[in-house]
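> Sequence and predicted model, in that order:
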Amino acid sequence: MLKEFKEFAFKGNLIDMAVGIIIGGAFGTVVKSLVDNVFMPPLGQLIAKVDFANLKIPLQAAVEEVKDGDKVVTAAVPEVAIFYGQFIQDFISFLILAMVVFIVIKKVVLGMQKEKEKAPPAPPKQEVLLEEIRDLLKKNA
């Protein structure tokens, strides 16, 4: 496995790989924005007019800080909740991104298979001439 990784990392063009990673990260950001800002608002309006990002199950309510002058009597406690709406949005983003990556990989593999299936190059002229001589000798023998 280490040998295969070395071949992958060092035989390929590292610049191409870096550009692919950067473009992949940017594409992930675009897909997340598409889901959060284009898909989810209409879907939320269709389903009981909710904002998926705000769907949550509160486990503990937030407590504000209580002060007596400059002295803090009770420290602030943030809300503890399960934000399942955000999970739904992130899951949809993941599904879209996974589908696109799957399609791209399928196309790359298909392209590589087509290259392998191409007809082999024509043999050198010397080889063709030798085969013709062999065939003539067999015919005359």
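Thanks, I have the structure now.
> which other helices and strands contact the helix ranked longest in the chain?
Across the chain, the helix with the greatest residue count (assigned by DSSP state H) is helix 84-117. When contacts are defined as 3 or more CB pairs under 8 Å, 6 or more residues apart in numbering; DSSP states H and E, helix 84-117 packs onto helix 14-34. For every residue, glycine as well, the C-beta is placed using N, CA and C.
> What's the mean pLDDT across the helix it packs on?
Average pLDDT, helix 14-34: 82.
> Could you give the separation of that helix from the chain centroid?
9 Å (CA atoms, centre = their mean, to the nearest Å).
> For the longest helix of the chain, which residues meet the burial criterion?
85, 88-89, 92-93, 96-97 (16 or more other CB atoms under 10 Å).
> I'd like those laid out as JSON lines, including distance to Lys56 and pLDDT.
JSON lines is the format used below for the buried residues of helix 84-117 (distance: CB to CB, whole Å; pLDDT from 0 to 100):
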{"residue": "Gly85", "distance to Lys56": "7", "pLDDT": "86"}
{"residue": "Ile88", "distance to Lys56": "11", "pLDDT": "87"}
{"residue": "Gln89", "distance to Lys56": "13", "pLDDT": "87"}
{"residue": "Ile92", "distance to Lys56": "17", "pLDDT": "88"}
{"residue": "Ser93", "distance to Lys56": "18", "pLDDT": "87"}
{"residue": "Ile96", "distance to Lys56": "23", "pLDDT": "89"}
{"residue": "Leu97", "distance to Lys56": "24", "pLDDT": "86"}
